[in-house]
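**Student:** my questions concern the predicted model and sequence given below.
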Amino acid sequence: MRVRNICAQNKVTKTITRTLCVLFFASALAQAKATDLIEADPSTWTDNLTSEKVDLINQIWKSTGNELSYSSVLPMALPEGITAVPGVAPSLKRAFEVKVQDAIPSAISVTKPIFRQELADLTVKDLKNIRSHFKSKYGKAMLSNIEAAAADPKELNMELARKLPRLITQTKKIEAVSLLIENHFQPALETQLEVVLKTSVVTLQAMAIWNTGKPISDDMIEKLNYQLKSQKAALFLQANQAIVYSTIFALRNVSSREVRKADKFLSTKLGKKWIALQAEADTTYITTLMETIYVQLEDEANKLASKRDGVTPDVSLGNSAGVCLATPNTLPFNGLNMVQQLCDGTAAQWINVDSERLRNLEASTCFAPFLDSTVGKPEFVVQRDCDDADSSRFVEQKIDDEFFSIYHPATDRCIAITGAPRSSGTPIRLARCNQSSVSQRFKRVVKQI
């Protein structure tokens, strides 16, 4: 029912949900720079707790679906939301998705112990009542929805699209769900939206850093804030509609009586405490996630000021058509697509296969496949920090005395140039290996600048 549950079915109310999600994440990023997060040691949260209490807390954590939601459902909303901003290239979405995936472990490792320590302050009786809430048909249905979204979001969205027309004719269910949302979740949503409208500019700041290494202007910030404020009422209305639709779908096999039962629990003092506790956990997670990404961006932006002076590598990788592998604008940011360019020997093309790694010689980074959530397979190749992972391993396979292919053992695929020769900027892809294809035949192009 929180923001992550809106995002679980983001295809149905496409623009609404994506915009809301990206703005919410952006607000968390802005707050992260000014917020000292609570620290909790994962190894000590059980101190002075009975085994019964520890077991109850772990059961509640599992029943909430937080682990699944924080690992996949909610993070998927951010790169989807990026595409809602006009003029954003798909490659930027992929770059942001890499950033999000890299930040997930840190965000969960901070959030989980804090959440459990907050639960530890409750009595055993209260913990049992919360557990009962999640073991109800209502609680099980909400967990099942999160599991389905994590396992196959595309199929879940299709199922929602198929069933929604019939579901919205169930007037009693709609009334019960609407009351549930109005009574317990609407005030929090309105507060979050207000924060969002004040701080969403941070998302565009991140994009600007990626593209130019500099933040956007104050004039641009002022214009964006004005536009968002003018859209506040419409966004809030649309967000409410998205919540109702996604919740009705999640509770499609739950009776109106069970929904009212959940409403009754959440109306109690303990229920309100639970809502506040979970909202705090979500905020901690999102803030930590975005703070981690912000730190990554800062570190990478600093590389722009510390490029190796006076070093001019004389190696690029190109095919017989004069097309080379390149990094967009020679930027050092992780997640950026490797692209094709006409060979000219500039720094963007200082790429080589060395020690079974595909290396960016200018930024001292490497490349690895990107598991594209939209196609469900590693189709693109993106810039990453160099490491020893098998996923970063590329092998040069000799074809003849001049040419070789670049093979990726983990996927059994090869680097391929798929655009027309003059289609500079077209992303490099992994394709089925075919050494007779010009697109997969590379040689070292030596050109001193």
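**Tutor:** Everything's here; your move.
**Student:** just checking, next helix/strand downstream of the helix or strand that contains residue 108?
**Tutor:** Element membership of residue 108 [criterion: DSSP states H and E] is helix 90-120. Using DSSP H and E, the helix or strand that follows helix 90-120 towards the C-terminus is helix 124-135.
**Student:** from the chain's centre, how far out does that following helix sit?
**Tutor:** Offset of helix 124-135 from its chain centre (Cα atoms, centre = their mean, to the nearest Å): 31 Å.
**Student:** now do stretch 356-369
**Tutor:** Distance, centroid of stretch 356-369 to centroid of chain: 23 Å (Cα atoms, centre = their mean).
**Student:** what does it contact?
**Tutor:** 303, 307-308, 313, 315, 327, 330-332, 334, 338, 347-348, 350-353, 378-387, 389, 391-395, 406, 408, 410-411, 415, 430 (Cβ atoms under 8 Å, 6 or more residues apart in numbering). The way it works is simple: take the backbone N, C-alpha and C, and place the C-beta from them, glycine included.
**Student:** go on, stretch 435-443?
**Tutor:** 317-321, 325, 397, 399, 402-406, 414-418, 431, 433-434.
**Student:** buried ones in the helix holding residue 108?
**Tutor:** Within helix 90-120, the residues that qualify as buried are 91-104, 107-108, 110-120, counting by 16 or more other Cβ atoms under 10 Å.
**Student:** same question for stretch 358-366.
**Tutor:** 358, 359, 360, 361, 362, 363, 365, 366.
**Student:** mind putting those in JSON lines, distance to residue 443 and pLDDT included?
**Tutor:** Listed next are the buried residues of stretch 358-366 as JSON lines, based on distance: Cβ to Cβ, whole Å; pLDDT from 0 to 100:
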{"residue": "358", "distance to residue 443": "15", "pLDDT": "95"}
{"residue": "359", "distance to residue 443": "17", "pLDDT": "93"}
{"residue": "360", "distance to residue 443": "19", "pLDDT": "91"}
{"residue": "361", "distance to residue 443": "17", "pLDDT": "88"}
{"residue": "362", "distance to residue 443": "20", "pLDDT": "84"}
{"residue": "363", "distance to residue 443": "23", "pLDDT": "82"}
{"residue": "365", "distance to residue 443": "23", "pLDDT": "89"}
{"residue": "366", "distance to residue 443": "21", "pLDDT": "93"}
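**Student:** which ones among these lie within strands?
**Tutor:** Using DSSP state E, the subset of the buried residues of stretch 358-366 located in strands is 358, 359, 360, 365, 366.
**Student:** farthest-separated two in those residues?
**Tutor:** Greatest spatial distance in these: 358 and 365, 9.9 Å, computed using Cβ to Cβ.
**Student:** re the thing from before, which one of the buried residues of stretch 358-366 is nearest residue 278?
**Tutor:** residue 365 (38.3 Å).
**Student:** that older thread, find the pair from the buried residues of stretch 358-366 with maximum spatial separation.
**Tutor:** For those, the farthest-apart pair by Cβ to Cβ is 358 and 362; their separation is 13.5 Å.
**Student:** all helices for the stretch 101-250 of the chain, in order.
**Tutor:** Taking DSSP state H, counting those that start in this stretch as the criterion, the stretch 101-250 of the chain contains helices spanning 124-135, 137-151, 153-167, 171-184, 186-199, 201-212, 218-230, 232-250.
**Student:** pick out the shakiest of the ones you listed, pLDDT-wise.
**Tutor:** If the helices of the stretch 101-250 of the chain are sorted by mean pLDDT, helix 186-199 sits at the bottom with a mean of 58.
**Student:** circling back to that earlier point, which of the contacts of stretch 356-369 are buried?
**Tutor:** For these, buried by 16+ other Cβ under 10 Å: 303, 313, 315, 327, 330-332, 334, 338, 347-348, 350-353, 378-384, 386, 392-394, 406, 408, 415, 430.
**Student:** and those, which of them are in strands?
**Tutor:** The strands, defined by DSSP E, take in 315, 351-353, 378-384, 406, 408, 415, 430 from the buried ones among the contacts of stretch 356-369.
**Student:** out of those residues, which one sits closest to residue 264?
**Tutor:** Nearest to residue 264 among those, counting by Cβ to Cβ, is residue 378 at 47.8 Å.
**Student:** could you check the pLDDT of the closest one?
**Tutor:** At residue 378, the model reports a pLDDT of 67.
**Student:** what does residue 436 give?
**Tutor:** 91.
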